[in-house]
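Q: Predicted model and sequence below, questions to follow.
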Amino acid sequence: MAGDKLSEHFGHCQYFAFVDVENNAITNISRMDPPEHQPGTFPRWVAAIGATDVIAGGMGPMAVNLFNEAGVNVFVGATADIPRNLVTRFLDGTLKLNANYCDHHGEHGHHDHGHHHH
């Protein structure tokens, strides 16, 4: 986040908004300052806090891969808006994303990355 809106550049965000959701309802929004930015710091930190999904304005594929390795889903290309609005739209399926690094093949549905068992 930058100010009170979503930061366009993930690596430059001043703080993170962690949104707690239960039964598709927002129960709490907490603002947390991230550790000093080093490669791989944010994904480990976010995963350690227990977040399962990250909504970002812009993020490089390396960062996306690090998040995925940490077990965190990444949704990239969200508009700069306040966390409550973004998460509300995310939950009801109306969040508009102009990029999604998870989906390279036009497949719909959930699939594991790099964990294909035959």
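A: Looks like it arrived, so ask away.
Q: Can you list the buried residues in stretch 60-71?
A: Residues 63-64, 66-68, 70 are the ones in stretch 60-71 that count as buried (16 or more other Cβ atoms under 10 Å). Yep, even glycine has a C-beta here, placed from its N, CA and C like the rest.
Q: Just to be sure, which of those are found in helices?
A: 63-64, 66-68 (DSSP state H).
Q: excluding its backbone neighbours, what's nearest residue 19?
A: residue 87 (4.6 Å; Cβ to Cβ, 6 or more residues apart in numbering).
Q: Return the list of helices and strands in contact with the helix or strand where the one you found lies.
A: Using DSSP states H and E, the element containing residue 87 is helix 83-92. Applying 3 or more Cβ pairs under 8 Å, 6 or more residues apart in numbering; DSSP states H and E, we find helix 83-92 packed against strand 16-22, strand 25-32, strand 53-56.
Q: about what we covered before: can you tell me which of the buried residues of stretch 60-71 comes closest to residue 17?
A: Ranked by distance to residue 17 (Cβ to Cβ), those are led by residue 67 at 16.2 Å.
Q: who touches that closest one in this structure?
A: Shown in contact with residue 67 (Cβ atoms under 8 Å, 6 or more residues apart in numbering): 43, 46-47, 54, 73-74.
Q: Need these in TSV (columns: pLDDT and distance to residue 28).
A: Shown next, in TSV, are these (pLDDT from 0 to 100; distance: Cβ to Cβ, whole Å):
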residue	pLDDT	distance to residue 28
43	88	22
46	92	16
47	93	19
54	91	17
73	93	20
74	90	22
